[in-house]
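Colleague: Pasting the sequence and the predicted coordinates here, then a few questions.
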There are 2 protein chains.
Amino acid sequence: MAERALPKHPSGLYDPIRYILSLGGKRLRPALALMAADALGADPKAAMGPALAVEWFHNFSLLHDDIMDEAPLRRGKPTVHEAFSSNQAILSGDVMLVQAYQLLAELPAAQLPSALALFSRTAVEVCEGQQHDMDFEIRQDVSEAEYLQMIRLKTAVLLGASLELGAMAAGAQAAQGRSLYAFGEALGLAFQLRDDLLDSFGDPALFGKAVGGDIAQDKKTFLLIHALQTAGPEDRAVLDRWIGVREPVMRTEKVDAVKGVYERSGTRTACEKAIEREHQKALAALDSSGLNAGNSAALRDLAERLLARES
Amino acid sequence: MAERALPKHPSGLYDPIRYILSLGGKRLRPALALMAADALGADPKAAMGPALAVEWFHNFSLLHDDIMDEAPLRRGKPTVHEAFSSNQAILSGDVMLVQAYQLLAELPAAQLPSALALFSRTAVEVCEGQQHDMDFEIRQDVSEAEYLQMIRLKTAVLLGASLELGAMAAGAQAAQGRSLYAFGEALGLAFQLRDDLLDSFGDPALFGKAVGGDIAQDKKTFLLIHALQTAGPEDRAVLDRWIGVREPVMRTEKVDAVKGVYERSGTRTACEKAIEREHQKALAALDSSGLNAGNSAALRDLAERLLARES
């Protein structure tokens, strides 16, 4: 089920799959599955089915989420529903989800029931996360805890599952798999919070896209939610004045004003602390996995690099 | 995973699922799975997981197909994308597909790999069938063979899989399962052709919706494709004159004119013969399954009733 093995026909169904896979991306989820198997002393190839399955699943969710979010670009290129059509993005996404199960089913029969249960539970959670994300767009009272739960479902659980599936493929004990899941889940939360932080405070020379996009669109990130709940009256008035202002000519002034609030209200610091909290949780989970320092080094390094990244 | 067991929250995700399941339908696919297990002497309850899985899968495909086809009504009620939104129909459909796998996974571990392989292969085929169906809408040269292949993929393979999954749940030999699959596949083709026939030639008093909908919308059914290929010059001119005419005031005249062509060109008879051919194929497959007449009676009766139905 590698890219080259996709059927040619009907091209309306398979061309969009070839397209989204050709756009690249970090390939973080398959890397985690393979690294988990490797850290456990297994041949990483044993985890190839689950590794491809989580990457396929992730791309399925991108196809459908981008329709729902009316996103024009993905990885700097037109999204599938723009480059092809919404109907094709729906149906090609459906096929990718089914193919993810086909890839997962490459696991030995003994590992299949538990892997299948974890994969499906995670898939439901990712859908629930997307629904929460859409619900939050039209709600004004989203709490920090609700936001963290949303990104846990939408992003973090799939990183956890990628690792645990890799561990299952390596024949690990269930408890060891759960520890690696916990590592991935905390890493995923930290990863998404780092995303939120970079979007507002990234170095424009390194970030790769325009800084301030979330602010410009009033996106309910950790930062905005925290600031709305903690800013004093004066800063709250600044937020109230700018939220809803979408004129491009006002963008720079808006981004600067809201970033000022984020600094003064302690929001930036709170986000950095939350990232560090999840990072420490991830490392503690890795310690509890019982892997020795040598075997867990690659996962530890990956976490460092993901949380120090500037783009 | 029965309807009552669906989570309440997030309601935006699960309410559309409750809605589509509440609309009823023939429940043909789960009936076939349970009947296959019963015919093989197993407790039908053994096939409950696969039975619900195929019904869930079918409803997932309705949610997404209805978006793509811009269908306003399903079972006489507003479609999910009309009653809720397109985004909800996409995401709730995704969850239903995942839940179908969760239901299938209720099978004993020994049966899971083969059941999973059949289910996923079928799911891919159903998506391919939908893609062909959409491709045919903008093509003028669809052949009868291509049409039959499209309805085989879009409809027939899922009926076949429903039966074979029920047989797997009953612990049947692989060859017996394949015979039941062949029965369901032929039955599915006959069933869809009967649908095409009824839409044009059904008894208005019994059909349940307005006769002639396919003709009014120039839908490329077996009938239209056959007539375009076999009608003489005069009848061909009638078709060419009416195809594309969509004014409601012309509807009755159009339907009568095209039905006249279908009668004169032997199209109606060809469709009836194709139904009978598939019906006989289905019965032959049932014979080859090695079930004795008593055990296969219910399946035989179901086929008779489906192909004699007037609505």
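Modeller: Yes, it's here.
Colleague: Just give me the neighbour total for the residue nearest to A:Gly212 when sequence neighbours are not counted.
Modeller: Nearest non-adjacent residue to A:Gly212, counting by CB to CB, 6 or more residues apart in numbering or on different chains: A:Val255, 3.5 Å away. Heads up, the C-betas are built off the backbone N, CA and C, glycines and all. A:Val255: 19 surrounding residues under other CB atoms under 10 Å in any protein chain shown.
Colleague: What residues does A:Val255 make contact with?
Modeller: A:Val255 sits next to A:200, A:211-212, A:215-216 when contact means CB atoms under 8 Å, 6 or more residues apart in numbering or on different chains.
Colleague: so which of these is the most crowded?
Modeller: A:Ile215 (24 neighbours).
Colleague: helix or strand right after the helix or strand containing it?
Modeller: Using DSSP states H and E, A:Ile215 sits in helix A:213-216. Sequence order places helix A:222-230 as the next helix or strand after helix A:213-216, per DSSP H and E.
Colleague: Would you mark the buried spots in that following helix?
Modeller: For helix A:222-230, the buried set under the neighbour-count rule, 16 or more other CB atoms under 10 Å in any protein chain shown, comprises A:222-228.
Colleague: Which of those sits closest to chain B?
Modeller: Chain B lies nearest to A:Ile225 out of the buried residues of helix A:222-230, by CB to the nearest CB, at 17.8 Å.
Colleague: ok, how many other residues are close to whichever residue of the stretch 151-300 of chain A sits closest to chain B?
Modeller: Nearest residue of the stretch 151-300 of chain A to chain B: A:Leu153, at 9.8 Å (CB to the nearest CB). Applying other CB under 10 Å, we find 22 residues neighbouring A:Leu153.
Colleague: need the contact list for the spatially closest residue to it that is not a sequence neighbour.
Modeller: Ranked by CB to CB, 6+ apart and with sequence neighbours excluded, the top spatial neighbour of A:Leu153 is A:Gly129, at 3.1 Å. Residues in contact with A:Gly129, defined by CB under 8 Å, 6+ apart, are A:150-155, A:157.
Colleague: Spell out, range by range, the strands that occur in the stretch 151-300 of chain A.
Modeller: Applying DSSP state E, counting those that start in this stretch to the stretch 151-300 of chain A gives no strands.
Colleague: Surely A:Ser114 and A:Ala169 touch.
Modeller: No - A:Ser114 lies out of contact with A:Ala169 (CB atoms under 8 Å); the separation is 11.0 Å.
Colleague: out of those two, which sits in the more crowded spot?
Modeller: A:Ala169 (30 against 16).
Colleague: wait, does the longest helix seen in chain A contact chain B?
Modeller: Taking DSSP state H as the criterion, chain A has its longest helix at helix A:174-201. No - contact of helix A:174-201 with chain B (CB under 8 Å from any CB of the partner chain) is absent, the minimum separation being 15.6 Å.
Colleague: Now do the buried residues in that helix.
Modeller: By neighbour count on 16+ other CB under 10 Å, the buried set for helix A:174-201 is A:176-201.
Colleague: so for it, what's the average pLDDT?
Modeller: If you average the pLDDT over helix A:174-201, you get 97.
Colleague: That one packs against which elements?
Modeller: helix A:144-151, helix A:157-169, helix A:213-216, helix A:222-230, helix A:251-264, helix A:267-288, helix A:293-308 (3 or more CB pairs under 8 Å, 6 or more residues apart in numbering or on different chains; DSSP states H and E).
Colleague: Mean pLDDT added to those, as CSV?
Modeller: Listed next are the helices and strands packed on helix A:174-201 as CSV, based on pLDDT from 0 to 100:
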stretch, mean pLDDT
helix A:144-151, 98
helix A:157-169, 98
helix A:213-216, 96
helix A:222-230, 96
helix A:251-264, 97
helix A:267-288, 97
helix A:293-308, 94
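Colleague: got the contact list for A:Leu197?
Modeller: With contacts defined as CB under 8 Å, 6+ apart, A:Leu197 is in contact with A:223, A:268, A:271-272, A:275.
Colleague: most surrounded residue in those?
Modeller: Within those, most neighbours by other CB under 10 Å means A:Leu223, with 26 neighbours.
Colleague: Report the contact partners of that one.
Modeller: A:Leu223 makes contact with A:196-197, A:200, A:214, A:262, A:267-268, A:271, according to CB under 8 Å, 6+ apart.
Colleague: residues touching the residue nearest to A:Leu302 when sequence neighbours are not counted, list them.
Modeller: Take A:Leu302 and drop its neighbours on the chain: the residue closest to it by CB to CB, 6+ apart is A:Met35, 7.0 Å away. By CB under 8 Å, 6+ apart, A:Met35 lies in contact with A:44, A:163, A:166, A:298-299, A:302.
Colleague: Selecting buried members of the residues you listed in PyMOL, what would you type?
Modeller: Filtering the contacts of A:Met35 down to the buried ones (16+ other CB under 10 Å) takes a single PyMOL command:
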select buried, chain A and resi 44+163+166+299
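Colleague: Please convert the contacts of A:Met35 to TSV, extending it with distance to A:Asp66.
Modeller: Formatted as TSV, the contacts of A:Met35 follow (distance: CB to CB, whole Å):
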residue	distance to A:Asp66
A:Pro44	30
A:Leu163	26
A:Gly166	27
A:Ala298	31
A:Leu299	30
A:Leu302	26
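Colleague: Out of the contacts of A:Met35, which comes closest to B:Phe136?
Modeller: Nearest to B:Phe136 among the contacts of A:Met35 is A:Gly166, at 42.5 Å by CB to CB.
Colleague: Just confirm that closest one contacts A:Asp43, I think it does.
Modeller: No - using CB under 8 Å, A:Gly166 is not in contact with A:Asp43, being 11.6 Å away.
Colleague: Touching both of those two, which residues are there?
Modeller: Contact criterion CB under 8 Å, 6+ apart; residues shared by A:Gly166 and A:Asp43: A:Ala37.
Colleague: Spit out the contact partners of A:Thr230.
Modeller: By CB under 8 Å, 6+ apart, the contact set of A:Thr230 is A:265-267, A:270.
Colleague: Please render the residues you listed as TSV that adds neighbour count to the earlier fields.
Modeller: Compiled in TSV, the contacts of A:Thr230 are given as follows (neighbours: other CB atoms under 10 Å in any protein chain shown):
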residue	neighbour count
A:Ser265	22
A:Gly266	14
A:Thr267	26
A:Ala270	18
